[in-house]
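S.K.: Let me see the structure of the following:
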Amino acid sequence: MLAFDAHGSPRADGSTVLVLLHGRGSHRSDLQALAPHLPEDWALLTPQAPHPGSPWGYGPGWAWYRYLAEDRVVDDTLARSLEALDSFLGELPALADVDPAHVVLGGFSQGGTTSLAYALTRPGRVSAVVNFSGFLANTELIPPGAMSPDAPPIFWGHGKQDPNIPFALARGGREKLASRGVSLTTRDYEIGHWIVPEEVAEAVAFVKDVTRAS
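M.R.: Numbering: from 1, shown residues only. Next comes the predicted model:
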């Protein structure tokens with residue numbers, strides 16, 4: 001089981017649980033900093049990636065996959081993380097102490113990339129995706145057929161000045177998803193590789209719209 005931090009507790013069964021995945025070389029507590037910007041009746045769970053980052057030169061933190069270049073990753077490292085998320089999300093009602101009506105998966109950077117890969121390859125497991133500055137991985141783990149109108153709605157926020165995951169990667173990934181009918185909401189910001197409060201607010205509004213519609 002992935003180690004995790006938690007904040008908040010939904011008031012009743014049928015609420016929303018947001019699962020956010022940290023970026024490369026970070027840790028499970030990192031994205032808990034977003035908790036004050038979320039609705040009070042949501043629960044926030046932030047699991048820790050299974051791969052130690054130091055063997056791959058990512059510092060003392062953790063990683064969801066080993067990065068190669070551009071939009072390519074080492075497939076088996078990502079596959080292990082997706083399997084770990086299967087187990088984690090399968091136990092979510094016990095972990096969150098509630099039976100959620102809506103499970104929203106998201107993350108920053110590597111966490112966003114991993115969230116996209118998970119949602120596209122496990123249709124029906126999550127209600128929506130919130131991708132902060134990740135990319136659509138070019139991997140055999142995501143066959144073309146996985147990108148379809150059956151995929152959950154996706155929020156994709158990205159910095160136009162991002163030096164780590166260039167905006168061109170965001171543009172290319174979005175075009176692939178949109179061309180196959182995936183429900184996609186995009187927002188661009190004049191920032192680098194980080195998250196701004198405006199982005200969180202727009203992501204929350206997106207989730208609320210999706211959950212109301214369902």
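S.K.: make it CA atoms for all contacts and neighbour counts henceforth
M.R.: OK.
S.K.: Show me the beta-bridge partners of the residue sitting nearest the centre point of the chain.
M.R.: By Cα atoms, centre = their mean, the chain has its centre lying nearest to Gly106, at 2.3 Å. With DSSP bridges as the criterion, Gly106 is bridged to Leu20, Val130.
S.K.: where in the chain is pLDDT low?
M.R.: The chain contains residues with pLDDT under 70 at 9-14.
S.K.: all helices of it, in order?
M.R.: Assigned by DSSP state H, the helices in the chain fall at 75-90, 92-96, 110-121, 167-179, 197-213.
S.K.: So for Phe155, which of the ones you listed sits nearest?
M.R.: Closest to Phe155 of those is helix 197-213 (Cα to Cα; 6.5 Å).
S.K.: So the residue nearest to the centre of the chain versus Leu18, what's the distance?
M.R.: Distance, Gly106 to Leu18, by Cα to Cα, to the nearest Å: 8 Å.
S.K.: what does Val182 give?
M.R.: Distance of Val182 to Leu18, computed by Cα to Cα: 21 Å.
S.K.: Neighbour count for the two, which is higher?
M.R.: Shown here are Val182 and Leu18; by other Cα atoms under 10 Å, Leu18 has more neighbours (24 against 21).
S.K.: from memory the residue nearest to the centre of the chain sits against Ala119, does it?
M.R.: No. With contact defined as Cα atoms under 8 Å, Gly106 does not count as touching Ala119 (9.5 Å).
S.K.: residue contacts, Arg180?
M.R.: By Cα atoms under 8 Å, 6 or more residues apart in numbering, the contact list for Arg180 reads 147-149.
S.K.: Could you rerun that using 10 Å?
M.R.: 144-149 (Cα atoms under 10 Å, 6 or more residues apart in numbering).
S.K.: Ok, Leu38 next?
M.R.: Leu38 touches 8, 18, 44, 200-201, 203-204, counting by Cα under 10 Å, 6+ apart.
S.K.: try 8 Å
M.R.: Val204.
S.K.: next one: the one 10 residues further on
M.R.: The neighbourhood of Gln48, defined by Cα under 8 Å, 6+ apart, consists of 2-4, 21-22, 27-28, 62.
S.K.: again, but for Pro52
M.R.: Neighbours of Pro52 in contact, by Cα under 8 Å, 6+ apart: 60-63.
S.K.: so which of those residues is the most crowded?
M.R.: Comparing those by number of neighbours (other Cα under 10 Å), Ala63 comes first, having 29 neighbours.
S.K.: who does it bridge with?
M.R.: Beta-bridge pairing for Ala63 (DSSP bridges): His51.
S.K.: cool, the one 10 residues further on as well?
M.R.: When assigned by DSSP bridges, Val73 has beta-bridge partners Tyr67.
S.K.: quick one: it and His27, what's the gap?
M.R.: Here Val73 is placed at a distance of 20 Å from His27 (Cα to Cα).
S.K.: who's more crowded, these two?
M.R.: Shown here are Val73 and His27; by other Cα under 10 Å, His27 has more neighbours (22 against 16).
S.K.: That concludes my questions; thank you for your assistance.
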